[in-house]
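> Here's my sequence, what's the structure:
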Amino acid sequence: MPIMVRSLVSEDWPELWPMLKDMGVNGDHPDTQRERYLKLVADPQWAILGAHANGGLAGYAAVQDYGPHLRSGDDHQVARLHDLYVRPDLRLGGVGRALMTAVSQWARQRVRYLEWQAHQERAVPFYERLGYKGDPCPQPEYPTFEIDFRSTSGSGG
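Numbering: from 1, shown residues only. Reported below is the predicted structural model:
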């Protein structure tokens, strides 16, 4: 299955909204959710990437560049992967891998570190198949993953 990843735009909202609901959204009205999405796709500190396969949106990822660190500037600049979601009917078909590759490419051009947490049972096996290793954090069911783009070793491929 050919997979194409690109930045999402306002017109992608109708296909994205069911995925956001499946991933879990707060109680805000759908119009409020859409307005938030429109602000984030226009914000250069965010990348909301969509994987297209089988004629439609197969999954998405949302990553945020937190900008320079107050004390150390770009030396500790971090991006955070907030979401990576693949439609259940298309999982294990390479969509998640394609999204993670695109997220890493986006982050590598901007920051030193990419970090995220993943649910121990639902998501950690996926990241481990990609070669990443999570570290314990205060919420044990959500290990922390990190890629240091200036290092060839560490917890994250």
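
> how about the strands in the chain?
Assigned by DSSP state E, the strands in the chain fall at 4-7, 46-53, 56-65, 78-86, 113-117, 144-148.

> E128 is nearest to which of these?
strand 144-148 (9.6 Å; Cβ to Cβ). Every C-beta, even on glycine, is put in place using the N, C-alpha and C of the backbone.

> And the closest one, what's buried?
Neighbour-count burial for strand 144-148 flags 144-147 (criterion: 16 or more other Cβ atoms under 10 Å).

> same thing with stretch 118-138?
Quick answer for stretch 118-138 (16+ other Cβ under 10 Å): 118, 123-124, 126-127, 132, 134.

> again with stretch 51-61
51-53, 57-61.

> What is the nearest of those to E11?
For the buried residues of stretch 51-61, with E11 as the reference and Cβ to Cβ as the criterion, the closest is L57, at 11.0 Å.

> Does the closest one touch L20 like I think?
No. Contact criterion Cβ atoms under 8 Å: L57 and L20 do not qualify, at 11.3 Å.

> Dump the strands of the chain to CSV, plus distance to R34.
Output for those, formatted as CSV (distance: least, Cβ to Cβ, whole Å):
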stretch, distance to R34
strand 4-7, 17
strand 46-53, 13
strand 56-65, 14
strand 78-86, 16
strand 113-117, 25
strand 144-148, 30
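
> Save those strands as TSV, and put in distance to H29 and mean pLDDT too.
Shown next, in TSV, are these (distance: least, Cβ to Cβ, whole Å; pLDDT from 0 to 100):
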stretch	distance to H29	mean pLDDT
strand 4-7	25	98
strand 46-53	20	97
strand 56-65	20	97
strand 78-86	20	96
strand 113-117	28	95
strand 144-148	33	94
